[in-house]
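Undergrad: I would like the atomic coordinates for the input below:
(one chain, ligands or ions: 1)
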Amino acid sequence: MPTHQAVWKQMNTINKTMLGLCILLFFHTARATPLTDSQQDFRELYRQLVEINTTLSSGSCTEAAEAMAAHLRSAGIPEKDIHVIVPADLPRQGNLVASIPGNSTDTGALLLLAHIDVVEAKPEDWERDPFTLVEEDGYFYGRGTADDKGMAAIFVDVLMRMKASGYRPERTVKLALTCGEETPNTFNGVRYLLQNHRDLVDADFALNEGGRGILDSDGRPLYNGVQAGEKTYQDYRLEIRNPGGHSSRPVPDNAIYRLAAALSRIADYSFPVEFNATTRSYFKRMSALSDGQTAADLLAILADPPAPDALARITDDPSFNAMLHTTCVATMLDAGHAPNALPQRAAANVNCRIFPGHTQEEIRQTLEGIVGDPDISVGFVDPPESTAPPPPLTPEILGPVEAVSRQMWPDVPVLPFMVAGGTDGRFLTPAGIPTYGVSGIFSDPATINKHGLNERIGVQALYQGREFLDRLVKLYAGDGS
Ligand SMILES: [Zn+2]
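TA: Residues are numbered from 1 along each chain as shown. Have a look, this model is predicted:
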């Protein structure tokens, strides 16, 4: 005879299963629904953008920027508000900036930022041509489908729809489609625009890539993630020199051994765990979404001091670990000059992702201390960029995200997080334009394969992200009519 509690538990499981099925059905049956005219137009714009090769080696961002500018013109956005900006010495690294002026003179602009360049894609390695938009089994395949031409196409479409419907925003809505996000050492569009056309991109805040909705392993939406802040990227070069000699007469002092020993000490070192408002909120809300030991551990690490056992289990997960502290890892080695000679030089690249609030110089000194060998120099590979604390998730920022998310996915929480990788927010936020990653595009992080082979994005997830961002931009921009 089942107890009341057992029956209730069973009912609860059934309800949860039913809810799960409904959501699954929603995500899957929606696929069969014919596209509206407006979705069809958007799909065509997206196809065109994905199919323009914008890799550094053989593509052209300028061609993509011109193509998107033509769409804005056709929607009736006046020429004076559309700018294709091409650096004089880099004819293929073009950028597009456009705007729809707001009615209010005392509210700052909202900037919609997306990059249109993509990571290299060798067609011979791909199952499908990377520069043809292929729709298959509910996914769009192609280089840039997810990173970042989905958002770029959505933002162009948002401006076009705003113009077509005669929507007058209160705030000016600006769009920047930039080149060079993936290859910032050659050129970075955001940095370039900030230096040369600050007025065109100036804004109270910006929406960018970096945020995403997460599906669980059954394809159900787990949470809608909003990215606020990122770790600082810095490469360090460790180098030791030695007189060397003939390898038939080894001596104890060997550059490779000393560098290897220093790298082992770095491998053994763990930077102190720390939190900020974004990550505290992330771990707290993540605990509510988890169960069993993980749920308990995620709360226990927030205690002061964090519970050591819980911390050990949580840092086993590379994604959680990355959000808990600065990490430094050896990524490249370069040593010796001949197989039959004692090494005269040994060097390593150590890549650090620095927790916000620490300078690159502070971490350099920490590395020197860990290395503990006065003959090994620790230097910057590139000069440090300016940094900023994570942009604050004020109610003015988070409120509209939560409101639209509730409309579209009533039971799915909004979850703030910080990224360990980098986005163009690292240029905008320190320049005084707080930048947030939000997309409403749901994906299973295991299969989206950004930067990798057969990059893809869910077809319905993209259409829903389009709807989400359209509503969100209007909420932020306000109705000025
Ligand atoms: Zn990207």
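Undergrad: Could you measure from the closest residue to residue 469 other than its chain neighbours over to residue 49?
TA: Excluding the flanking residues, the one nearest residue 469 by CB to CB, 6 or more residues apart in numbering is residue 154, at 5.2 Å. For every residue, glycine as well, the C-beta is placed using N, CA and C. Between residue 154 and residue 49 the computed distance is 10 Å (CB to CB, to the nearest Å).
Undergrad: Report whether the residue nearest to residue 469 is found in a strand, as I expect.
TA: No: with DSSP: H, G, I helix; E, B strand; the rest coil as the criterion, residue 154 is assigned helix and is not in a strand.
Undergrad: and it, what does it touch?
TA: Residues in contact with residue 154 (CB atoms under 8 Å, 6 or more residues apart in numbering) are 42, 114, 462, 465-466, 469-470.
Undergrad: Please narrow those residues to those residing in strands.
TA: Using DSSP state E, the members of the contacts of residue 154 that fall in strands are residue 114.
Undergrad: Is it correct that residue 132 is in contact with residue 142?
TA: Yes: at 6.5 Å, residue 132 counts as touching residue 142 under the criterion of CB atoms under 8 Å.
Undergrad: what touches both of these two?
TA: Joint contacts of residue 132 and residue 142 (CB under 8 Å, 6+ apart) are residue 51.
Undergrad: Those two: which has the busier surroundings?
TA: Neighbour count, other CB atoms under 10 Å: between residue 132 and residue 142, residue 142 has more, with 28 against 14.
Undergrad: got a pLDDT number for the more buried one?
TA: In this model, residue 142 is scored at 96, pLDDT.
Undergrad: all helices for the stretch 1-150 of the chain, in order.
TA: Under the criterion DSSP state H, counting those that start in this stretch, the stretch 1-150 of the chain carries helices at the ranges 4-29, 37-51, 61-74, 149-164.
Undergrad: Are there helices or strands packed against the third one, and which ones?
TA: Spelled out, it's helix 61-74. With contacts defined as 3 or more CB pairs under 8 Å, 6 or more residues apart in numbering; DSSP states H and E, helix 61-74 has these neighbours: helix 37-51, strand 82-85, strand 95-100, helix 149-164, strand 173-178.
Undergrad: Highest mean neighbour count out of the ones you listed?
TA: strand 173-178 (a mean of 27; mean count of other CB atoms under 10 Å).
Undergrad: Give me the next element, helix or strand, following it.
TA: Remark: after strand 173-178, the chain's next helix or strand is helix 189-196, criterion DSSP states H and E.
Undergrad: and for that following helix, what are the contacting residues?
TA: Defining contact as CB under 8 Å, 6+ apart, one finds that helix 189-196 is touched by 61, 85, 87, 93, 95, 97, 113, 115, 117, 176, 178-181, 184, 200-201, 424, 427-428, 431.
Undergrad: in the next helix or strand after that helix, what's buried?
TA: For helix 189-196, the following helix or strand on the C-terminal side (DSSP H and E) is helix 198-201. Neighbour-count burial for helix 198-201, counted by 16 or more other CB atoms under 10 Å, picks out 200-201.
Undergrad: Give me the most central residue, the protein.
TA: Centroid-nearest residue in the chain: residue 210, 2.8 Å away (criterion: CA atoms, centre = their mean).
Undergrad: In contact with the closest residue to it other than its chain neighbours, which residues?
TA: Using CB to CB, 6+ apart and skipping residues adjacent in sequence, the residue nearest residue 210 is residue 437, 2.5 Å away. Residues near residue 437 by CB under 8 Å, 6+ apart: 207-212, 225-228, 419, 423, 425.
Undergrad: Now with 7 Å, please.
TA: For residue 437, the contact set (CB atoms under 7 Å, 6 or more residues apart in numbering) comprises 208-211, 226-227, 423, 425.
Undergrad: Likewise for residue 351?
TA: Contacts of residue 351 (CB under 7 Å, 6+ apart): 235, 329, 331.
Undergrad: what do you get for residue 256?
TA: Residue 256 sits next to 335-336, 343, 346 when contact means CB under 7 Å, 6+ apart.
Undergrad: Please identify the one among those residues that lies nearest to the ion.
TA: Closest approach to the ion among these (CB to the ion): residue 335, at 33.5 Å.
Undergrad: Residue numbers of this structure in contact with the ion?
TA: Taking CB under 5 Å from the ion as the contact definition, the chain meets the ion at 147-148, 209.
Undergrad: residue in the stretch 201-350 of the chain nearest to the ion?
TA: In the stretch 201-350 of the chain, no residue comes nearer to the ion than residue 209, which is 4.9 Å away by CB to the ion.
Undergrad: Hmm, residue 149 and that residue touching each other?
TA: No: judged on CB atoms under 7 Å, residue 209 makes no contact with residue 149 at a distance of 10.4 Å.
Undergrad: Look up how far residue 459 lies from the residue nearest to the centre of the chain.
TA: Here the criterion is CB to CB. By it, residue 210 lies 22 Å from residue 459.
Undergrad: Next: residue 353.
TA: 33 Å.
Undergrad: hmm, back to that, could the helices and strands packed on helix 61-74 be laid out in a markdown table, adding mean pLDDT?
TA: Below are these laid out as a markdown table (pLDDT from 0 to 100):
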| stretch | mean pLDDT |
| --- | --- |
| helix 37-51 | 97 |
| strand 82-85 | 98 |
| strand 95-100 | 98 |
| helix 149-164 | 98 |
| strand 173-178 | 98 |
